Structures are given as structure tokens and as C-alpha cells.
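Undergrad: need a structure here:
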Amino acid sequence: MAPEPYDSPVAAALWRAYRTEAGDHRYPRHEGRRTDPGEPEREIAAVPGTDLAPSEGLPPVARYAGEPAGGAGV
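TA: Just a heads-up that it's a prediction; the model follows:
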């Protein structure tokens, strides 16, 4: 894993994928509905990840064969 700016295209794409997948699992199970296509974008706008900017935090990104494969927030 290596640090990645929270607002980089790589970090944004991973955050978007996470929010989409989390919604696809959560809403049908707990709310009996599908994820609204705009929901991940609204959630990203509400929690943009600024708390992961140095010196408060750091969003490391894992890569596999040089391609982004996952991330975390520390």
C-alpha cells in the first residue's frame, strides 16, 4: 500500500466503487429496496474524505500488478 491523495482520481474511483458496493448489499437487505443510481454520488458529496487529508489522515491505496485494487482510510 502507498499513500494517495484523498481527492485523486484513483482514490475517488475506489471510494465510488466502495459506496456503490456497500449500497448494493445494504439497501436490499436492510431497507428492502435497490440502490438509487444517484445515491453513491450523494453519499460521496456528504462525506468527501477531507478527513483523510494529511495531517489528519491518509488514504493508502493497494495496487496489484500496478493497478489500483483497494484502499483504506487511516
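Undergrad: residues of stretch 7-16 that come out buried?
TA: Ala11, Ala12, Leu14, Trp15 (16 or more other C-beta atoms under 10 Å). Glycine gets a C-beta too; all of them are placed from N, C-alpha and C.
Undergrad: want to throw these into a markdown table with secondary structure and distance to Leu52?
TA: Output for the buried residues of stretch 7-16, formatted as a markdown table (DSSP: H, G, I helix; E, B strand; the rest coil; distance: C-beta to C-beta, whole Å):
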| residue | secondary structure | distance to Leu52 |
| --- | --- | --- |
| Ala11 | helix | 8 |
| Ala12 | helix | 12 |
| Leu14 | helix | 12 |
| Trp15 | helix | 9 |
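Undergrad: Among those, which pair sits farthest apart?
TA: Ala12 and Leu14 (7.4 Å; C-beta to C-beta).
Undergrad: list residues touching both of these two?
TA: Between them, Ala12 and Leu14 share no contacting residue under C-beta atoms under 8 Å, 6 or more residues apart in numbering.
Undergrad: What is the nearest of the buried residues of stretch 7-16 to Pro5?
TA: Ala11 (6.5 Å).
Undergrad: For this protein, just list every one of the strands.
TA: 2-3, 60-64, 67-71 (DSSP state E).
Undergrad: elements contacting the first one?
TA: So the one you mean is strand 2-3. Applying 3 or more C-beta pairs under 8 Å, 6 or more residues apart in numbering; DSSP states H and E, we find strand 2-3 packed against strand 60-64.
Undergrad: now the strand it packs on, how far from the centre of its chain.
TA: 13 Å (C-alpha atoms, centre = their mean, to the nearest Å).
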